[in-house]
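Engineer: for reference, the sequence and a predicted model appear below.
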Amino acid sequence: MDNCIFCKIINGDIPSYTIYEDEIVKVFLDINPESIGHMLIIPKKHFVCLDDIDIDTLTHICDVSKKMHSLLKEKLNIDGMSVVQNNGDVQEVKHYHMHIKPYYVNGPSFSVEEVYKKLVD
Ligand code: AMP
Ligand code: ZN
């Protein structure tokens with residue numbers, strides 16, 4: 001999709017801190033994180049929202065969210081995690097994405113580069 005910022009990330013036209021990737025999805029750090037390790041899981045194919053994404057892709061995204069949960073517990077020692085997925089007027093970027101938002105009782109303070117290194121090493 002032309003002019004879709006997330007399609008540009010998938011094509012490599014815009015850089016991202018990629019945490020995980022396979023043939024169906026890409027996972028990268030949110031540019032404006034609500035907490036340390038806030039990441040987005042996006043399908044490589046352009047779907048706008050829940051109305052048009054297919055169930056197999058959605059199931060795979062849920063499976064990857066479980067992997068990210070394990071990764072965040074192991075590498076960043078999170079105390080909790082919220083999953084958010086916006087649609088319609090509350091959705092800023094019109095390419096389906098699932099937010100993975102770590103929660104900490106006593107929040108650590110790492111730079112984006114430090115978080116990236118911890119998650120991919
Ligand atoms: P939403 O309101 O669910 O559409 O949220 C879109 C999210 O995409 C926001 O949390 C933004 O910070 C994030 N975002 C926008 N552009 C980028 C980018 N180039 N790299 C990483 N995250 C981005
Ligand atoms: Zn797109």
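Structural biologist: The structure has been received and is ready for your questions. Ligands and ions are numbered 1, 2, ... in the order given.
Engineer: would you mind measuring from the closest residue to Phe6 other than its chain neighbours to Glu74?
Structural biologist: Closest residue to Phe6 apart from its sequence neighbours, by Cβ to Cβ, 6 or more residues apart in numbering: His95 at 3.8 Å. In this view, the C-beta of every residue, glycine as well, is placed from N, C-alpha and C. Remark: distance between His95 and Glu74 (Cβ to Cβ, to the nearest Å) = 29 Å.
Engineer: ok, these two, which is more surrounded?
Structural biologist: Using other Cβ atoms under 10 Å, the more surrounded residue of His95 and Glu74 is His95, with 21 against 11.
Engineer: next, the residue lying farthest from the centre of the chain: secondary structure please.
Structural biologist: If you look at how far each residue of the chain sits from its centre, by Cα atoms, centre = their mean, the farthest one is Asn106, at 22.5 Å. Classification of Asn106 using DSSP: H, G, I helix; E, B strand; the rest coil returns coil.
Engineer: which ones are touching Lys45?
Structural biologist: Under the criterion of Cβ atoms under 8 Å, 6 or more residues apart in numbering, the neighbours of Lys45 are Ile24, Thr57.
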